[in-house]
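Sequence and predicted structure are below.
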Amino acid sequence: DAKTTQPDSMESTEGETVHLPCSHATISGNEYIYWYRQVPLQGPEYVTHGLQQNTTNSMAFLAIASDRKSSTLILPHVSLRDAAVYHCILRDQGGSAKLIFGEGTKLTVSS
Amino acid sequence: GPKVLQIPSHQIIDMGQMVTLNCDPVSNHLYFYWYKQILGQQMEFLVNFYNGKVMEKSKLFKDQFSVERPDGSYFTLKIQPTALEDSAVYFCASSLDWGGYEQYFGPGTRLTVL
């Protein structure tokens, strides 16, 4: 699986819209972009995923660059509960089912 | 959303003993996973399992490790014998299908080997 690069940390304030970037310059054509988040003492939680088109769900909006070499997870109106480590992971749908976690971005939300 | 349960939440054992970690996956899921996370470090994949067979495993999945899901009950990770470096939080996950489906994680079992 191709490698992703994320900032180590980001800070925000409640109510703000947060943009979490992820760089994946060597992504291959059949690799999907997945986002998971993890809070301390809990297992990772699925956030969203996409291939080429932007996607949206109740948790977040995923913006994927037209060349697919980067993506941004957009969290609207963050709350304290959104504080977590966010992981951007590439997966080949037809290949391995394992998730390869990196360091992720630690999002801090202040009141 | 769907819940994965893990029992126990914390287990303390002496080095060399056997331990079994139990996972109750989402009811209609068919694929099961174990991940290991040492405190302060990244989550690492151990193994995945389908239809009674190990599908993939990492180099962390040592010979002392085994997995099974007898008769649709708990999905278990057994370590026999345990070593000090096995101390970690072990997360179970399950998914409906291979590859393209999201994995749902349990809250983890913290294993402490003394």
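Perfect, thanks for sending it.

got a list of what the closest residue to residue B:85 other than its chain neighbours touches?
Once flanking residues are discounted, residue B:85 sits nearest to residue B:113: 8.0 Å by Cβ to Cβ, 6 or more residues apart in numbering or on different chains. Quick note: C-beta positions are derived from backbone N, CA and C, even for glycine. By Cβ atoms under 8 Å, 6 or more residues apart in numbering or on different chains, residue B:113 lies in contact with B:13-15, B:82-87.

what do you get for residue B:50?
Residue B:50 touches B:30-32, B:98, counting by Cβ under 8 Å, 6+ apart.

ok, now with 10 Å
A:97, B:30-33, B:56, B:69, B:95, B:97-98 (Cβ atoms under 10 Å, 6 or more residues apart in numbering or on different chains).

The closest residue to residue B:86 other than its chain neighbours and residue B:6: what is the separation?
Nearest residue to residue B:86, sequence neighbours excluded (Cβ to Cβ, 6+ apart): residue B:113, at 5.2 Å. Residue B:113 is 18 Å from residue B:6, where distance means Cβ to Cβ, to the nearest Å.

try residue B:91
Remark: distance between residue B:91 and residue B:6 (Cβ to Cβ) = 8 Å.

Find residues that contact each of these two.
Common neighbours of residue B:91 and residue B:6 (Cβ under 10 Å, 6+ apart) are A:43, B:21, B:23, B:105-109.

By neighbour count, which of the residues you listed wins?
Counting neighbours by other Cβ atoms under 10 Å in any protein chain shown, residue B:106 leads these with 26 neighbours.

residues contacting it?
With contact set as Cβ under 10 Å, 6+ apart, residue B:106 has these partners: A:42-43, B:3-7, B:9, B:21-26, B:35, B:75, B:90-94.

of these, buried ones?
Neighbour counting with 16 or more other Cβ atoms under 10 Å in any protein chain shown marks A:43, B:4, B:6, B:21-26, B:35, B:75, B:90-94 as buried within the contacts of residue B:106.

Among the residues you listed, which one lies nearest to residue B:41?
Of all the buried ones among the contacts of residue B:106, residue B:35 has the smallest distance to residue B:41: 11.7 Å, by Cβ to Cβ.

Name the strands paired with the helix or strand containing residue B:47 and say parallel or antiparallel.
Using DSSP states H and E, residue B:47 maps to strand B:43-50. Neighbouring strands of strand B:43-50 in its sheet, by DSSP bridges, are strand B:31-37 (antiparallel), strand B:53-57 (antiparallel).

tell me the angle the helix or strand hosting residue B:110 makes with strand B:31-37.
According to DSSP H and E, residue B:110 maps onto strand B:109-113. Interaxial angle, strand B:109-113 versus strand B:31-37 (axes from the mean of the first three to the mean of the last three Cα atoms, to 10 degrees): 50 degrees.

Let me see the contact set for residue 6.
No chain was given, so I picked chain A. By Cβ under 10 Å, 6+ apart, residue A:6 lies in contact with A:20-24, A:73, A:85-88, A:102-106.

Let me rephrase: I mean chain B.
If you count contacts by Cβ under 10 Å, 6+ apart, then residue B:6 has A:43, B:21-25, B:74-75, B:77, B:89-92, B:105-110 around it.

ok, now residue B:67?
By Cβ under 10 Å, 6+ apart, the contact list for residue B:67 reads B:21, B:23, B:32-34, B:46-49, B:53-54, B:57, B:61, B:75-78, B:92.

so residue B:21 bridges to which residues?
Beta-bridge partners, per DSSP bridges, of residue B:21: residue B:77.

Grab the nearest non-local neighbour of residue A:98.
If the residues on either side of it in the chain are set aside, residue A:98 comes closest to residue B:45, at 4.1 Å by Cβ to Cβ, 6+ apart.
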